[in-house]
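Novice: Below is the sequence, then the predicted model.
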Amino acid sequence: MELISLDINGVFGILSSTSIDERGSFLRIWEEANFNTHIKLNQASAAINPKARTLRGLHFQTEPHEESKVIQCIMGSVFDVVVDLRKDSSTYGKHISIQLGPKETYQGIVVPKGFAHGYLTLEANSTLLYFMDNPYVPESAKGIVWNDPTLRIAWPYEPEVMSGRDKEFPPMKSL
C-alpha cells in the first residue's frame, strides 16, 4: 500500500495491489502506518451503488465538524472528484478527478478537511468504504451542485441516479 501525492496539496491517491486466485480477490484497504498522519479513525461506512451512473456528492461538513476521509472503492469503479474549499489555499476552488477501483491505478483517495467530495459510478454494484475522523452531523452536512458552472467538472456521463438533495445543492459561489 502506497500513498501518492496528487495535484492538490494534502490529497493522496492510494495504490494497493489486489491478489487474485481461484478463491477470488484480496485487497488491503487500511494500514495504520500509512494513514496515522492523515486521519484518526472515528467512523467507517459503506456505500453500495447498484446502478452505473449513480452520482453522490459533492458533499462536505462545515466547522467544527469538518472531516478527513479515506475512501476506498473495493468493487466496480467510480469517477471520483474532490474540490478544495480551503479559502486560504492557493488551489481554492480547484478540483481533481481520478478513477478509483480495484482494477484501476488508484483504489482509493485520502481527502483532508476542507474539501467537498463526490463520485459517479462507472459500473453497477460499485462499492466504496469510507473511513472518517469525525462522525456525520446532519446540521453540518452541506454540498455543491454536481454540475456547478464555475467548477466545470468533466463528468464522463450524465448521472442517471441521484438524490433530490444532491440535485438541489447550491453552486460553489454561494458558499
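Specialist: Everything's here; your move.
Novice: Need phi/psi at residue 168.
Specialist: For residue 168, the backbone dihedrals (degrees, to the nearest 10) come out as phi -100, psi 0.
Novice: Mind pulling up the pLDDT for the closest residue to residue 44 other than its chain neighbours?
Specialist: Computed as Cβ to Cβ, 6 or more residues apart in numbering, the closest residue to residue 44 that is not its neighbour in sequence is residue 131, at 5.2 Å. C-beta here means a position set from N, CA and C on the backbone, and glycine is covered the same way. Looking at residue 131, its pLDDT reads 93.
Novice: now residue 131, which residues is it bridged with?
Specialist: Partner residues in beta bridges with residue 131, using DSSP bridges, are residue 44, residue 70.
Novice: do the same with residue 14
Specialist: In this entry, residue 14 is beta-bridged to residue 3, residue 108, by DSSP bridges.
Novice: Let me know how buried it is, in neighbour terms.
Specialist: The local packing count at residue 14 equals 23, with neighbours defined by other Cβ atoms under 10 Å.
Novice: for it, what are its contacts?
Specialist: Contact criterion Cβ atoms under 8 Å, 6 or more residues apart in numbering gives 1-4, 34, 70, 72, 106-110 as the residues in contact with residue 14.
Novice: same deal with residue 126?
Specialist: If you count contacts by Cβ under 8 Å, 6+ apart, residue 126 has them with 49, 52, 54, 73, 75-78, 101.
Novice: CSV please, covering those residues and showing distance to residue 42 and pLDDT.
Specialist: Converted to CSV, the contacts of residue 126 look like this (distance: Cβ to Cβ, whole Å; pLDDT from 0 to 100):
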residue, distance to residue 42, pLDDT
49, 24, 97
52, 31, 98
54, 26, 98
73, 21, 96
75, 24, 94
76, 26, 96
77, 27, 97
78, 23, 98
101, 25, 95
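Novice: Where strands are concerned, which of the residues you listed count?
Specialist: Using DSSP state E, 49, 73, 75, 78 are the members of these that sit in strands.
Novice: from the contacts of residue 126, which is closest to residue 169?
Specialist: Distance to residue 169 across the contacts of residue 126 (Cβ to Cβ) is lowest for residue 54, with 16.0 Å.
Novice: can I assume the closest one is in contact with residue 123?
Specialist: No - with contact defined as Cβ atoms under 8 Å, residue 54 does not count as touching residue 123 (10.1 Å).
Novice: Which one's more surrounded, those two?
Specialist: Regarding residue 54 and residue 123, a neighbour count based on other Cβ under 10 Å identifies residue 54 as having more, with 20 against 17.
Novice: State the phi and psi torsions of the residue sitting furthest away from the middle of the chain.
Specialist: Relative to the mean C-alpha coordinate of the chain, counting by Cα atoms, centre = their mean, the farthest residue is residue 22 (30.9 Å). In terms of degrees, to the nearest 10, the main-chain angles of residue 22 are phi -60, psi -20.
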